[in-house]
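[1] Quick one: sequence and predicted model below, then my questions.
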Amino acid sequence: MKKDYIKRSITWDGKRYYVRGKTDKEANEKLGELRATLKRGEVTIGENTTVERWYKEWKALYKENSGITQKSLGAYDEKFYGYICPAIGGMKIKDVRDVHLQKILNSQAGLSYSHVSKLRMVMKELFSRARKSRMISFDPSEDLTLPDAKKAGHRAITDTERLHILRVAETHPSGLWILMLLYTGIRPGEAAALLWKDVDFEQNEIHIYKAVESGSEEIKGPKTPSGVRDIPIRQELRDRLLPAQGEPFRPVFVTRAGNRHNSNSILRLWKSFRRALDIDMGAELYRNKIIKHVVADDLTPYCLRHTFCTDLEAAGVPINIAKELMGHSDISVTANIYTHKNQSVLHAEMCKLDVAKRVAPEEKNA
């Protein structure tokens, strides 16, 4: 015998939805659940979908299978769930306006430029895709402006820092790694991925074509083709590399256990060198613990890379050649370093004006 069910229905955005229950109570409960689900936008992806629901769909469709790293996926989650979702996660995507997004950005005023620009990037990717998918008729992220933010950047080391770094590098276990960063300008992750076969003593070049990914132990190719490059070996570095040369397929830089470095061990490598540098520069010790630091807070391994670039500029290396050696994908990145205020460069260039002024007109035309 066929059992009768009680049917209930609801119309939502012009579409009819049905539920069935064995009793009035069950049917009504299911209808209530359906109404709540429709309200959250979890049945279909459309203009009534909530921002949070759309983020999950967008991430699964366009990010998780795009080849980006778990670290990058985590960065998207950090921006969305940390700042966007608390403000507009429950809103229907069709109801979001530019003012909602601008308020989120404005609330981050005074924080780092990197943070606010990445936050805006997530907004723009999320809503521009919704627009392209015809879920919404306009993109509320289109004309967002960044609030005032701190543009933090790396710097070149000072002459005093260079003196102490070179001295400590002579004896410290991390010394060769430090000199590699300073004399080649490669990134710490690129140095960690180097094998001895990549150090070509015959051609006097170091071949860069991979790196240890930040936040993991995975070896990956460069993000852009410009990351693949060959860097001539300076004599100061060659003199240290030759005695340390190992088997072709062994890492150039290894941990105490003889393994390739990862992000964590690279950090420990730097901390160890930085402590020795601090002491060499005159830090105060008490029972072998530093109680008064001398080394600058903003001194990082990337300062060595930055220094390599500024050394190229000081030596008169053309910016297009510097771009290739640095592995920059865009010459504007190199230009940002080449155009940093450097008093010695400014004085040298000003002297050229004095020399030009002293040259007689007939000498110029000679």
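    That came through, no problem. Numbering: from 1, shown residues only.

[2] Glu142: neighbouring residues, count only.
    12 (other CB atoms under 10 Å). (Glycine included, C-beta is placed from N, CA and C.)

[3] and it, what does it touch?
    Listed by CB atoms under 8 Å, 6 or more residues apart in numbering, the contact set of Glu142 reads Asp98, Lys124, Ser128.

[4] neighbouring contacts of stretch 58-77?
    Stretch 58-77 is contacted from outside by Lys118, Val122, Glu125, Leu126, Arg129, Ala130, Glu213, Ser214, Gly215, Ser216, Glu218, Lys220, using CB under 8 Å, 6+ apart.

[5] From the residues you listed, list the buried ones, please.
    Buried members of the contacts of stretch 58-77, counted by 16 or more other CB atoms under 10 Å: Val122, Glu125, Leu126, Arg129, Ala130, Glu213, Ser214, Gly215.

[6] Out of these, list just those in helices.
    The members of the buried ones among the contacts of stretch 58-77 that map onto helices under DSSP state H are Val122, Glu125, Leu126, Arg129, Ala130.

[7] ok, the contacts of Glu142 vs Gly316, which is closest?
    Lys124 (40.5 Å; CB to CB).

[8] Quick check: closest non-adjacent residue to the closest one.
    Counting by CB to CB, 6 or more residues apart in numbering, Ser141 is the residue found nearest to Lys124 once chain neighbours are left out, at 4.5 Å.

[9] for the one you found, helix, strand, or coil?
    coil (DSSP: H, G, I helix; E, B strand; the rest coil).

[10] Based on its surroundings, how many neighbours for it?
    Ser141 has 21 nearby residues by other CB under 10 Å.

[11] Isn't it up against Ala130?
    No - at 9.4 Å, Ser141 and Ala130 do not qualify as touching, with contact defined as CB atoms under 8 Å.

[12] who's in contact with Ser226?
    Ser226 neighbours (CB under 8 Å, 6+ apart): Lys323, Glu324, Gly327, His328, Ser329.

[13] repeat for Gln102
    Here Gln102 is in contact with Leu144, Thr145 (CB under 8 Å, 6+ apart).

[14] Same question for Leu269.
    Ser174, Trp177, Phe253, His261.

[15] hey, where'd the strands end up in the protein?
    Assigned by DSSP state E, the chain shows strands spanning 6-12, 15-21, 199-200, 205-208, 211-212, 219-220, 229-232, 284-286, 289-292.

[16] Most tightly packed of those?
    Counting by mean count of other CB atoms under 10 Å, strand 211-212 has the highest mean neighbour count of the strands of the chain, with a mean of 24.

[17] what packs against that one?
    helix 188-193, strand 219-220 (3 or more CB pairs under 8 Å, 6 or more residues apart in numbering; DSSP states H and E).

[18] distance of Leu269 from Leu182?
    Distance of Leu269 to Leu182, given as CB to CB, to the nearest Å: 14 Å.

[19] where does the stretch 201-350 of the chain have low pLDDT?
    215-216, 339-346, 348-349 (pLDDT under 70).

[20] switch the cut-off to 80
    Filtered on pLDDT under 80, the stretch 201-350 of the chain yields the residue ranges 213-218, 223, 338-350.

[21] Now stretch 134-142: buried residues?
    Met135, Ile136, Asp139, Pro140, Ser141.

[22] still on that earlier bit, can you tell me which of the contacts of Ser226 has the most neighbours?
    In those, the most neighbours by other CB under 10 Å go to Gly327, 24 neighbours.

[23] I'd say that residue and Pro225 touch.
    No - applying CB under 8 Å, one finds Gly327 not in contact with Pro225, separated by 9.7 Å.

[24] how much space between Arg35 and Ser9?
    Taking CB to CB, one finds Arg35 at 11 Å from Ser9.

[25] I meant to write Ala60 there.
    31 Å.

[26] Show me how the chain divides into domains.
    Using automatic domain parsing, the domain ranges for the chain come out as 6-40, 51-132, 159-346.

[27] Include distance to Thr145 when you put the contacts of Ser226 into a markdown table, please.
    Shown next, in a markdown table, are the contacts of Ser226 (distance: CB to CB, whole Å):
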| residue | distance to Thr145 |
| --- | --- |
| Lys323 | 30 |
| Glu324 | 35 |
| Gly327 | 31 |
| His328 | 27 |
| Ser329 | 26 |
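
[28] all helices for the stretch 51-200 of the chain, in order.
    51-62, 70-79, 85-88, 98-106, 113-132, 159-169, 175-184, 188-193 (DSSP state H, counting those that start in this stretch).

[29] circling back to that earlier point, lowest-confidence stretch among the helices and strands packed on strand 211-212?
    Of all these, the minimum mean pLDDT falls on strand 219-220 (a mean of 86).

[30] tell me what that strand is packed against?
    Looks like strand 219-220 contacts strand 211-212 (3+ CB pairs under 8 Å, 6+ apart).
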